[in-house]
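Chemist: predicted model follows, preceded by the sequence.
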Amino acid sequence: MNSMKRRIFLKGTLATGALGVAAGTGLLSPRRVLAAWSKEAFEAKDVNSALSSLLGSSDLTASDKVKIKAPDIAENGAVVPVSVSTDMEGVESINIVVEKNPNPMTANFVLGTGAIANVSTRIKMGKTSSVLAVVKAGGKLYSTGKEVKVTIGGCGG
Amino acid sequence: MSTIKLRANAKDGVTTVKALVSHPMETGTRKDSKTGEKIPAHFIQEVVCTHNGKAVMTGNLGAAISKNPYFSFSFNGGAAGDKVGLSWVDNKGEKDSDETDVK
């Protein structure tokens, strides 16, 4: 009888042990899903294929609700400050695309719970080009572009 | 030494996170001026910003982010003393993370 009890007890601990592991991996997996870095999108050579492979569509709607802040003239193409913000509802991601870079897809920021649609970073530009801010909200893509003149390129050399 | 400089400030219920990472961010297209050989690509592919352990912003990056990248994000909520973390992973699998208290 005594040994039986022990067996049950052992079984119990083993089961909770397994559950613990499952919960642990469960917690980790959503992050893994988010971490899917798309080689295809970031190595795409044109804007349309980059957008469709990353966001599922390249159908852009111009919207003045998407705000992009970037200099008119960037003296140094290696460091171009860019800020994108929007007051739209249900924003899923904010993307920065440089039309004439060898690989236009530059950054894709996926918003988590509580995140505000306002990101800033610094990018490299090979030559004068239009910088597109693409916001994915409610499954649709909205964009605003801004022409940035580059006097010294940031790629090569 | 950590490669990340991280600041987080809460004001009127909104926390702003500013981060500076030391990283070469090589595109893989640049050539070494002495040898003429291509410098292999080495750039951050992913940054994750967390608030008390929960991801608030995940950035997937291309090679066209500037050397020693700078990021600024903001999120609703967060109070002084909360933990804000930032981690990055590059294309060579190198990574780093840092954590700071919200001020």
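Modeler: On my side now, so go ahead.
Chemist: these two touch, right, residue A:83 and residue A:94?
Modeler: No - taking contacts as Cβ atoms under 8 Å, residue A:83 lies outside contact range of residue A:94: 10.1 Å. From N, CA and C alone the C-beta is placed, and that goes for glycine too.
Chemist: so these two - more neighbours on which side?
Modeler: Shown here are residue A:83 and residue A:94; by other Cβ atoms under 10 Å in any protein chain shown, residue A:94 has more neighbours (26 against 15).
Chemist: quick one: contacts for the more buried one?
Modeler: By Cβ atoms under 8 Å, 6 or more residues apart in numbering or on different chains, the contact set of residue A:94 is A:84, A:86, A:108, A:109, A:111, A:117, A:119, A:133, A:134, A:135, A:136.
Chemist: now swap in residue B:15 and tell me
Modeler: By Cβ under 8 Å, 6+ apart, residue B:15 lies in contact with B:8, B:9, B:51, B:74, B:75, B:76, B:77, B:78, B:82, B:84, B:102.
Chemist: repeat for residue B:101
Modeler: Contacts for residue B:101 (Cβ under 8 Å, 6+ apart) come out as B:8, B:80, B:81, B:82, B:83, B:84.
Chemist: give me the mean pLDDT for the strand of greatest length in chain A.
Modeler: Among the segments of chain A that qualify as a strand by DSSP state E, the longest is strand A:140-152. Strand A:140-152 carries an average pLDDT of 91.
Chemist: is that strand in proximity to chain B?
Modeler: No - Strand A:140-152 is not in contact with chain B by Cβ under 8 Å from any Cβ of the partner chain; minimum separation 12.3 Å.
Chemist: still on that earlier bit, which residues do residue A:83 and residue A:94 both contact?
Modeler: Common contacts of residue A:83 and residue A:94, defined by Cβ under 8 Å, 6+ apart, comprise residue A:119.
Chemist: which parts of the chain are strands?
Modeler: Since no chain was named, I'll use chain A. Going by DSSP E, chain A shows strands at A:60-62, A:66-69, A:73-76, A:80-86, A:91-98, A:105-111, A:115-123, A:129-137, A:140-152.
Chemist: you looked at the wrong chain, it should be chain B
Modeler: B:4-11, B:14-21, B:44-51, B:54-61, B:70-76, B:83-90, B:95-101.
Chemist: any idea which of those strands gets closest to residue A:59?
Modeler: Proximity to residue A:59 (Cβ to Cβ) singles out strand B:54-61 among these, at 20.7 Å.
Chemist: and the gap between the residue lying closest to residue A:116 once chain neighbours are set aside and residue A:46?
Modeler: Once flanking residues are discounted, residue A:116 sits nearest to residue B:74: 4.5 Å by Cβ to Cβ, 6 or more residues apart in numbering or on different chains. Residue B:74 sits 32 Å away from residue A:46, going by Cβ to Cβ, to the nearest Å.
Chemist: between the two, which is the more surrounded one?
Modeler: The neighbour comparison of residue B:74 against residue A:46 (other Cβ under 10 Å) goes to residue B:74, with 24 against 12.
Chemist: what sits against that one?
Modeler: Listed by Cβ under 8 Å, 6+ apart, the contact partners of residue B:74 are A:115, A:116, A:118, B:14, B:15, B:16, B:17.
Chemist: tell me the pLDDT of it.
Modeler: pLDDT, residue B:74: 93.
Chemist: just residue B:37 next, same as before
Modeler: In this model, residue B:37 is scored at 86, pLDDT.
Chemist: quick one: it from residue B:51, how far?
Modeler: Computed as Cβ to Cβ, the residue B:37 to residue B:51 distance reads 43 Å.
Chemist: these two - which one has more neighbours?
Modeler: Neighbour totals were compared for residue B:37 and residue B:51, and residue B:51 leads with 25 against 8 (other Cβ under 10 Å).
Chemist: so that one sits against residue B:76, correct?
Modeler: No - shown here, residue B:51 and residue B:76 do not form a contact pair, counting by Cβ under 8 Å, at 9.7 Å.
Chemist: for chain A, name the helix or strand with the lowest mean pLDDT.
Modeler: helix A:2-34 (a mean of 50; mean pLDDT, DSSP states H and E).
Chemist: alright, I will stop here.
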